[in-house]
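>>> Build me a model:
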Amino acid sequence: MTVLFISGHPAQIHNFRIVKELLEKKGHKVFWVSSKKDISFQLLKLYGIDYTEIIKPKKNFISKLNALLTNTKIIYRLLRKNKVDLIVSRVSPFGALAGFLNKTPHIALADTESSGIYDTIFSKFIQVLITSVSYKRNLRKDQIRIESNIELFYLHPKHYTPSTQPIKSLSLANNESYALLRFVNWEAYHDKGLSGFSQKNKIRVVQELSNYMKVFISSEGALPKELEPFKISISFEEMHDVISNSKLFFGEGASMAAEAAVMGVPAIFLNDNWSGNALDLTKHELMYCFKSSSEEQNNAITKAIEIATQNDKIYYEEKRKIYLEKKLDASTFLCWFIEHYPNSKKEVLNNPSNIADLI
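Just a heads-up that it's a prediction; the model follows:
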């Protein structure tokens, strides 16, 4: 088969890179299309993935329309030139339209309920929509739901083993514990109208946690000058090891909070929009969700101090073990689904409770 992957965000590269490797090991040919979002191109280079660049739209309507037309044309030509059999994306608008025009089947994943109108519209132009069981929206009658999530595509134990070596750039003493804090700039589409921790509470939580462990901050925006010394300085490929070896994750980043949780690191997550995935992780006591009100911010800090003062690593390892026993290896599933499409769609829809047995 010849398969085209489309990514528009660095997280989507993590999402699909294992599937790409599995397909190539089985002799299939893979192409990749990506826009330049944050560290996307550095990640593609790190994983040795050749790609075709598409343009990243700006926020205004004219730019978005231009990107839609230009990128659809680029992908359409790539589909025809390379006789692509199947497109895989996270509901890429460009891939949806190019595939529709070229009659190329398109498998898409969705995990962000707040993506709103984009997923609602463009999921109509694809052949398969796959979501987690916990995903709260129904976008299609034939929507396929699997007992897994996006993070498990690349952080499932079958595909990721955290480094046991000390991360030199963190300058930690022997067995010194640390917390990783993450603050976002609230400029993403799904962050409209939302806000996070106040500057006062950012300073407070760092001061409180510093009494018990080292503190590192990852931040999209500028930090108060008091917090600049805590800003983490690592290479981007070290981030998952940093998260995995931390005692606590605390912050506003949904992806990093979920990554921490599936690796067995207790994650404190502050956001007024809780995804189905966040609620599922909360149910398994791997994540603690809070809203942005002053009272909830205080509650989040109190919970962080509680975790910081307890020696509960084994407790969260056990919670993670129970969680993983219920979850699919998502990359292996998607590789199987692609190889056996279109029969795989019929099989999964006919046996939704026995997906693990099918693969």
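
>>> Please point out which parts of stretch 98-109 sit buried.
By 16 or more other CB atoms under 10 Å, the buried positions in stretch 98-109 come out as 98-100, 102, 104-109. For the C-beta atoms, the positions are set from N, CA and C on the backbone; glycine is no exception.

>>> now stretch 227-246
Buried, per 16+ other CB under 10 Å, within stretch 227-246: 227, 230, 232, 239-246.

>>> Same question for stretch 124-135.
125-135.

>>> related to what we said a few turns ago, in the buried residues of stretch 98-109, find the pair that's most separated.
Pairwise distances across the buried residues of stretch 98-109 (CB to CB) peak at 20.5 Å, for the pair 102 and 109.

>>> hang on, the earlier thing: wait, which of the buried residues of stretch 124-135 is closest to residue 302?
residue 134 (26.7 Å).

>>> Surely that closest one touches residue 282?
No - using CB atoms under 8 Å, residue 134 makes no contact with residue 282, being 10.3 Å away.

>>> JSON lines for the buried residues of stretch 227-246, including pLDDT and secondary structure?
Below are these laid out as JSON lines (pLDDT from 0 to 100; DSSP: H, G, I helix; E, B strand; the rest coil):
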{"residue": "227", "pLDDT": "95", "secondary structure": "helix"}
{"residue": "230", "pLDDT": "96", "secondary structure": "helix"}
{"residue": "232", "pLDDT": "94", "secondary structure": "coil"}
{"residue": "239", "pLDDT": "93", "secondary structure": "helix"}
{"residue": "240", "pLDDT": "95", "secondary structure": "helix"}
{"residue": "241", "pLDDT": "95", "secondary structure": "helix"}
{"residue": "242", "pLDDT": "95", "secondary structure": "helix"}
{"residue": "243", "pLDDT": "96", "secondary structure": "helix"}
{"residue": "244", "pLDDT": "96", "secondary structure": "helix"}
{"residue": "245", "pLDDT": "94", "secondary structure": "coil"}
{"residue": "246", "pLDDT": "96", "secondary structure": "coil"}
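
>>> Format these as JSON lines; extra columns: distance to residue 266.
Shown next, in JSON lines, are the buried residues of stretch 227-246 (distance: CB to CB, whole Å):
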{"residue": "227", "distance to residue 266": "22"}
{"residue": "230", "distance to residue 266": "20"}
{"residue": "232", "distance to residue 266": "19"}
{"residue": "239", "distance to residue 266": "18"}
{"residue": "240", "distance to residue 266": "17"}
{"residue": "241", "distance to residue 266": "17"}
{"residue": "242", "distance to residue 266": "15"}
{"residue": "243", "distance to residue 266": "12"}
{"residue": "244", "distance to residue 266": "13"}
{"residue": "245", "distance to residue 266": "13"}
{"residue": "246", "distance to residue 266": "9"}
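
>>> now, among the residues you listed, which is nearest to residue 84?
Of the buried residues of stretch 227-246, the one sitting nearest to residue 84 (CB to CB) turns out to be residue 240, at 30.4 Å.

>>> Check whether that closest one really touches residue 161, as I assumed.
No - here residue 240 lies out of contact with residue 161, judged by CB under 8 Å, at a distance of 10.4 Å.

>>> can you list residues touching both of those two?
Common neighbours of residue 240 and residue 161, using CB atoms under 8 Å, 6 or more residues apart in numbering, do not exist here.
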